[in-house]
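Colleague: Let's see this in three dimensions:
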Amino acid sequence: MATTLALSGAVLFKAGANVSTALTEADYNYAILQAEGYINSITKYNWNDNYATLSADVKYILEDACSNLAAMYLIQYDMSGYTSRAEAQTMLDVLRDRASNAIKELKDVKVRDFVLGAT
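Modeller: Sure thing, here's the model as predicted:
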């Protein structure tokens, strides 16, 4: 199944150079699909189905949220490549905060009305 809200390259970039080398493109895509489902569910809006009608700004917010979540999934899968557990945890904390902020904005009906009207 094809991903919509983020590309595997964005996920790999955010997961960092120490992400497990055992992961494949299919693993990245699976993590993205999970993140997409979560974003659609938590915001109560199907961004995937309406993606083509969205403005570039909205797409960037969605990619940021989705790629951050997917990168978190990959880091959690195997932290052994990181220099320490603390390094991996710091990366998870930063990614979580960024994803949470983006999702908070996407959940806000006033913000959603604004961004959907910005096409």
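
Colleague: where does the residue nearest the centre of the chain sit relative to Ala86, distance-wise?
Modeller: Centroid-nearest residue in the chain, with Cα atoms, centre = their mean: Cys66, separated by 1.7 Å. Cys66 is 26 Å from Ala86, where distance means Cβ to Cβ, to the nearest Å. C-beta here means a position set from N, CA and C on the backbone, and glycine is covered the same way.

Colleague: Next: Ser20.
Modeller: 18 Å.

Colleague: now the helices: where do they sit in the protein?
Modeller: 8-15, 25-43, 56-77, 85-107, 109-116 (DSSP state H).

Colleague: Pick the most deeply packed of these.
Modeller: Greatest average neighbour count among the helices of the chain goes to helix 56-77 (a mean of 21), per mean count of other Cβ atoms under 10 Å.

Colleague: From the contact counts, what lies against that one?
Modeller: In this structure, helix 56-77 packs against helix 8-15, helix 25-43, helix 85-107, helix 109-116, with contacts taken as 3 or more Cβ pairs under 8 Å, 6 or more residues apart in numbering; DSSP states H and E.

Colleague: Flag the shaky bits of the chain, pLDDT-wise.
Modeller: 115, 118-119 (pLDDT under 70).

Colleague: at 90 instead, please
Modeller: 1-2, 50, 53-58, 105-119 (pLDDT under 90).

Colleague: just to revisit the earlier point, out of the helices and strands packed on helix 56-77, which gets nearest to Tyr77?
Modeller: Nearest to Tyr77, of all the helices and strands packed on helix 56-77, is helix 25-43, at 7.7 Å by Cβ to Cβ.

Colleague: Measure how that closest one sits relative to helix 8-15, angle-wise.
Modeller: Per axes from the mean of the first three to the mean of the last three Cα atoms, to 10 degrees, the angle that helix 25-43 makes with helix 8-15 is 80 degrees.

Colleague: Check which helices and strands helix 25-43 sits against.
Modeller: helix 8-15, helix 56-77, helix 85-107.
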